[in-house]
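> coords below, sequence missing:
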């Protein structure tokens, strides 16, 4: 049984991760924490997650006990990441990172921490999405150079970063297969007279509405036909269960003293 330390327990994903820990056959909740100023400190973790009482109280970040967990799961905010990484390194704990919208300094902090502990960092922990990334690479090899490529993503009204981390991962995967630099070929907005479409660009479109959990489509369109690869998530438990799978995999990695930065593609043996 792998004990999980869930950070940001009061967030949407934090609550679902707590629920997933109690449903999973190989995972258990070690501790769940919130920021030091949170009003949720002391509340039962099960009650916070909307399930039965579990007799594990929510603690503050400063009260986190490393002895209660085997792996840390972080789906918090970008500004909390570096402190969370420092705590994991100092306590020799592997970490699964699902936080998106990171800047270059925060990405570098992940690379630096991975020299000391094993880390899984992914834009999306859904098994289906990671298969989508693999299929997008395969499609790029066959018809990418002759296609107009567009990525469309949709999420709930509360999501703060755009395009989504998953959409960007799709774009990176496609651009990598085609030998393109996404930072130079991505198009994020179109308005007015934009002229003819540059065939080497990769377009992005973003929808933010209601309670959409997550939808991603990669479109490969030529004159006469188009191929659309789509993934739709209907429950956040999909992402939570994927994160638990990654955490269990990381625990085994640490046993072999294999520090480093890994992706969900590594976890699922899709690379």
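Yep, that arrived. It should be emphasised that the depicted structure is a prediction, and the values quoted were computed from it without experimental measurement.
> What distance do you get for residue 37 to residue 139?
Here the criterion is C-beta to C-beta, to the nearest Å. By it, residue 37 lies 47 Å from residue 139. (C-beta placed from N, C-alpha, C; glycine too.)
> neighbours around the residue nearest to residue 12 when sequence neighbours are not counted, how many?
In space, and not counting its chain neighbours, residue 12 is closest to residue 236: 6.6 Å by C-beta to C-beta, 6 or more residues apart in numbering. By other C-beta atoms under 10 Å, 19 other residues sit near residue 236.
> Test my guess that residue 236 contacts residue 242.
No - using C-beta atoms under 8 Å, residue 236 makes no contact with residue 242, being 10.4 Å away.
> Can you list phi and psi of residue 176 for me?
phi -60, psi -40 (degrees, to the nearest 10).
> Buried residues, the regular element (helix or strand) spanning residue 83. List them.
Per DSSP states H and E: residue 83 is located in helix 78-90. By neighbour count on 16 or more other C-beta atoms under 10 Å, the buried set for helix 78-90 is 80, 81, 82, 84, 85, 87, 88, 89.
> Closest one of those residues to residue 220?
Closest approach between these and residue 220, by C-beta to C-beta: residue 81, at 34.0 Å.
> Now that closest one. Nearest residue, chain neighbours left out?
According to C-beta to C-beta, 6+ apart, the nearest residue to residue 81 is residue 106 (5.2 Å).
> neighbours of that neighbour, just the number please.
17.
> same deal with residue 263?
By other C-beta under 10 Å, the residues close to residue 263 number 18.
> Show the pLDDT at it.
Looking at residue 263, its pLDDT is 94.
> got it, and the one 4 residues further on?
Here the pLDDT value assigned to residue 267 is 95.
> Number of residues surrounding it?
For residue 267, the neighbour count with other C-beta under 10 Å is 24.
> Mind pulling up the pLDDT for the residue nearest to residue 12?
pLDDT, residue 236: 89.
> what ranges do the strands span in the stretch 1-150 of the chain?
Ranges of strands in the stretch 1-150 of the chain, per DSSP state E, counting those that start in this stretch, are 2-7, 27-34, 59-60, 71-74, 95-97, 118-121, 148-155.
> What pairs with the fifth one, parallel or antiparallel?
What that stands for is strand 95-97. strand 71-74 (parallel), strand 118-121 (parallel) (DSSP bridges).
> related to what we said a few turns ago, who wins for proximity to residue 49 among the strands of the stretch 1-150 of the chain?
strand 27-34 (8.5 Å).
> For the closest residue to residue 209 other than its chain neighbours, give me its contacts.
In space, and not counting its chain neighbours, residue 209 is closest to residue 157: 6.1 Å by C-beta to C-beta, 6+ apart. By C-beta atoms under 8 Å, 6 or more residues apart in numbering, the residues touching residue 157 are 208, 209, 210, 211.
> Can you give me the buried ones in stretch 237-250?
Buried-residue list, stretch 237-250, by 16+ other C-beta under 10 Å: 238-250.
> what's around residue 202, how many residues?
23.
> Compare residue 37 and residue 139 (neighbour count), which wins?
Each of residue 37 and residue 139 has its neighbours counted (other C-beta under 10 Å); residue 139 has more, 18 against 8.
> Please name the residues that touch the more buried one.
Going by C-beta under 8 Å, 6+ apart, the list of residues near residue 139 reads 218, 220, 227, 229.
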